[in-house]
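1. sharing a model that was predicted from the sequence below.
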There are 2 protein chains.
Amino acid sequence: MITYKTLAKALNMTEIRARRLLKSKSLRKTSYREFEYLIFKRDIGPYPEGTAVIFHNDYEPKVVPGYPQISRILVLRVAVPQHFRDQVIVEEKLNGYNVRVVSYAGKLLALTRGGYICPYTTHRIERIFRSKGIEDLEGYVVFGETVGLENPYTRYRYPECEDFCFYVIDVMKDGTYLPIDSKKKFCEDNNLECVRELAKVNKNDVDKIWEIVKVMESEKREGIVLKDPYNRVPPLKYTTSITNIGDIAEGMKYIFDEGRTYLFPRILREVFKSFEEEPNEELLKERIKMLGEAILLEPLNAVKKVNIGEAIAEEFVLKFYSENVIDEFLSYMQKQGILLNIKNMERENDEIIIWFMKPKRTNLELRNIMSSGLSPLD
Amino acid sequence: MITYKTLAKALNMTEIRARRLLKSKSLRKTSYREFEYLIFKRDIGPYPEGTAVIFHNDYEPKVVPGYPQISRILVLRVAVPQHFRDQVIVEEKLNGYNVRVVSYAGKLLALTRGGYICPYTTHRIERIFRSKGIEDLEGYVVFGETVGLENPYTRYRYPECEDFCFYVIDVMKDGTYLPIDSKKKFCEDNNLECVRELAKVNKNDVDKIWEIVKVMESEKREGIVLKDPYNRVPPLKYTTSITNIGDIAEGMKYIFDEGRTYLFPRILREVFKSFEEEPNEELLKERIKMLGEAILLEPLNAVKKVNIGEAIAEEFVLKFYSENVIDEFLSYMQKQGILLNIKNMERENDEIIIWFMKPKRTNLELRNIMSSGLSPLD
């Protein structure tokens, strides 16, 4: 049970502080099956936002640290030599969603970036892990990226993964991230797939990093994460134009849901990328066209849809192997204020395939504009 | 002197309410020469944000109502027939800044949209009005747009006005806006220039309004304001693509000062304009290119400037006819947190011409990025 006493013990803090914390808005209390858990809505002491403390009647509470935000590079040739010590590991940055996997009370649990135990992700990851013979992760926290099309969060088609895959980004043991080589060993030993290591370069060899970025660009991949081999300094990330502009296009489809906050930082990324990359005239023109199209055509299509009575909705397909999990997933989304519509459902052997529609605020906003002809903004 | 008793009398409210108001953050107290005045930071009762109450020891306080925000049309063919009664006056919307002129205590005073008495605008408008023989406006409040290049706020080159001009938009007498014909008569009688009346159309003749928009577009003018001849319904505004995209380009030059809030509403305007206008493929391509360039090239140029050590600053030229006003203007700007640099100064007969530089936050932000290579955002 969650009390300030058990929390104080779990986080190794005074009971007074734990009591104050429990009453504050910094923690959110929720539950999953037989587990009750607390989510950190902000950094607290050494624990990043997204940290979760999970409780079970028969076990000591388990702390699952949040995965820290990775700082973003805007100018590689400035940031890389300044930030790193000597060698830099270049890993691929995948376009998916960050997931932490732990085992607790005999179960595997998958937490999203925010700290929620996602019933769907847990369900799918459990199957993957069990197929590899992993039943217990002991004290390890496995940080990874979930990619593919069959998820409710971030869908991007990779040639190597269409449905649902999990790639290990980092592994933590006793509160410490493993050095990169140990992480790779952990993945090999457990038969898990690591994110791709693209190169190991000297911090002054920014040209080599740029070469890799250009390959990523040509393969329409998201970008790179640069890491110190021993985690002596925090990792940094950098994304391709394909991603910067593609993200804008994606966000502009739902202009009132994500357009506003989406746009500005992504434009900034692309501005600095253009500055450093110095694309030739033709490439620059192409990027300008892509950007203009992302910003004007995507929302224009949304307006046209609304005008002929169609709904603006995010659609996605999930695959379940248990009816139970469908209910759990729907009520999990509902708790977060998202009411999903089921558009279609099919059964195939032990699989239940469901087509979902997530209604968007953009829908209502565009319909309001179409009926008054007036702007809700200035 | 400003007391809750004098304020209560001026605004025709209870002394208790006036006292509470005076202590609140809804009012800002400031001064200009022998005048003390209060500015409404929000709508209060019947008075819009930007309303000012001006006090002078020898006179009754004067209330100058704010000019209300004009709602923006996103779809002409929907908004116009729904909003208006029968006839619609189409006036030109000028790209300048909104100014109210009143006379009080024997002086002409010019207030900006926010309610501040701008010493520079007052100085220039006083000269224009006096040259037309206007010494006293009696109970009238003259709302107008100041355009041209010689001002500290909004500079746009019009063939009919390069330096500093004032065009009457509306005239108020005893708290009521004059009907449009009476406003025109007022302008004729006083030899003041009115904004252009472009047409008087039936509210169902949206095609005619679109024709006018296209002419405005081809002449690179800002747009139109639609008014009921008797102010039975509030006016509405609509802007050209030239302005929607031009504004974005202007804002993106100072991406950290204005980029964020600037971008979103302007994109929305252009999206709906494209929807209704249905430009042919060539025109749409041209707009996409303009938009992409505005968003990518303008900030890219700013980064390049900062990279070679140049400063990002807004530059403008003002013309003064009195040394005194220069000091007044500088301390007025300083009170608002803006430290202007003087780049150059020239004297010509009775004119003092000054080149100003207004430093931008973008400057510092871009320099910080260039020195760390990292993003200040996500």
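-> Yep, it's here. Residues are numbered from 1 along each chain as shown, chains lettered A, B, ... in the order given.

2. CA only for contacts and neighbour counts going forward, please
-> Fine.

3. stretch A:365-378: how far from the chain's middle?
-> With C-alpha atoms, centre = their mean, to the nearest Å as the basis, stretch A:365-378 stands 33 Å off its chain's centre.

4. neighbours of residue A:133, how many?
-> Using other C-alpha atoms under 10 Å in any protein chain shown, residue A:133 has 11 neighbouring residues.

5. and it, how far is that from chain B?
-> For residue A:133, the distance to chain B equals 37 Å [C-alpha to the nearest C-alpha, to the nearest Å].

6. residue A:365 against residue A:256, yeah?
-> Yes - here residue A:365 reaches residue A:256: they are 7.1 Å apart, a contact under C-alpha atoms under 8 Å.

7. okay, those two: which has more neighbours?
-> Between residue A:365 and residue A:256, counting by other C-alpha under 10 Å, residue A:256 is the more crowded of the two (20 against 16).

8. wait, a helix at the more buried one?
-> Yes - assignment of residue A:256 by DSSP: H, G, I helix; E, B strand; the rest coil places it within a helix.

9. check contacts around it.
-> A:361, A:362, A:365 (C-alpha atoms under 8 Å, 6 or more residues apart in numbering or on different chains).

10. now, which of the residues you listed lie within helices?
-> A:361, A:362, A:365 (DSSP state H).

11. can you redo the residues you listed as TSV with distance to residue A:122 and pLDDT?
-> Listed next are these as TSV, based on distance: C-alpha to C-alpha, whole Å; pLDDT from 0 to 100:
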residue	distance to residue A:122	pLDDT
A:361	28	90
A:362	30	93
A:365	34	93
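
12. got CSV for those, with distance to chain B too?
-> Output for the ones in helices among the contacts of residue A:256, formatted as CSV (distance: C-alpha to the nearest C-alpha, whole Å):
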residue, distance to chain B
A:361, 15
A:362, 12
A:365, 12
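
13. sketch out the low-pLDDT regions of the stretch 151-300 of chain A for me.
-> A:259-260 (pLDDT under 70).

14. hang on, residue A:171 in a strand?
-> Yes - Residue A:171: assigned to a strand according to three-state DSSP.

15. hey, what's the closest residue to it other than its chain neighbours bridged with?
-> Setting aside the residues directly before and after it, residue A:171 is nearest to residue A:142 in space (C-alpha to C-alpha, 6 or more residues apart in numbering or on different chains), at 4.7 Å. With DSSP bridges as the criterion, residue A:142 is bridged to residue A:101, residue A:171.

16. for the residue nearest to residue A:344 when sequence neighbours are not counted, give its distance to residue A:330.
-> Spatially, and ignoring its direct neighbours in sequence, residue A:344 is nearest to residue A:355 (5.0 Å; C-alpha to C-alpha, 6+ apart). Separation of residue A:355 from residue A:330 (C-alpha to C-alpha, to the nearest Å): 13 Å.

17. do residue A:76 as well
-> In terms of C-alpha to C-alpha, residue A:76 sits 42 Å off from residue A:330.

18. so these two - more neighbours on which side?
-> Each of residue A:76 and residue A:330 has its neighbours counted (other C-alpha under 10 Å); residue A:76 has more, 23 against 17.

19. is it true that residue A:347 lies in a helix?
-> No - assessed by three-state DSSP, residue A:347 does not belong to a helix; its assignment is strand.

20. tell me how chain A divides into domains.
-> Domain assignment for chain A by the TED database gives A:4-64, A:71-238, A:241-308, A:313-359.

21. residue A:60 sits in which helix or strand?
-> Per DSSP states H and E, residue A:60 falls inside strand A:59-64.

22. actually, residue A:122.
-> Using DSSP H and E, residue A:122 falls within helix A:119-131.

23. could you say what helices and strands that helix packs with?
-> strand A:107-112, strand A:313-320, helix A:323-335 (3 or more C-alpha pairs under 8 Å, 6 or more residues apart in numbering or on different chains; DSSP states H and E).

24. so the last one versus strand A:313-320, what angle?
-> Read that as helix A:323-335. With axes from the mean of the first three to the mean of the last three C-alpha atoms, to 10 degrees defining the directions, helix A:323-335 sits at 150 degrees from strand A:313-320.

25. still on that earlier bit, now the helices and strands packed on helix A:119-131 as a markdown table including mean pLDDT and distance to chain B?
-> A markdown table is the format used below for those (pLDDT from 0 to 100; distance: least, C-alpha to the nearest C-alpha, whole Å):
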| stretch | mean pLDDT | distance to chain B |
| --- | --- | --- |
| strand A:107-112 | 98 | 18 |
| strand A:313-320 | 95 | 19 |
| helix A:323-335 | 96 | 25 |
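
26. tell me which of these is the most buried.
-> strand A:107-112 (a mean of 21; mean count of other C-alpha atoms under 10 Å in any protein chain shown).

27. what's that one in contact with?
-> For strand A:107-112, contacts defined as C-alpha under 8 Å, 6+ apart pick out A:97-103, A:117-119, A:121-122, A:125-126, A:135-137.

28. now do stretch A:287-295
-> Residues outside stretch A:287-295 that contact it (C-alpha under 8 Å, 6+ apart) are A:241, A:245-246, A:248-250, A:252, B:267, B:288-293, B:296.

29. before we move on, what about stretch A:4-17?
-> The set of residues external to stretch A:4-17 that reach it, using C-alpha under 8 Å, 6+ apart, is A:18, A:19, A:22, A:53, A:60, A:61, A:62, A:63.
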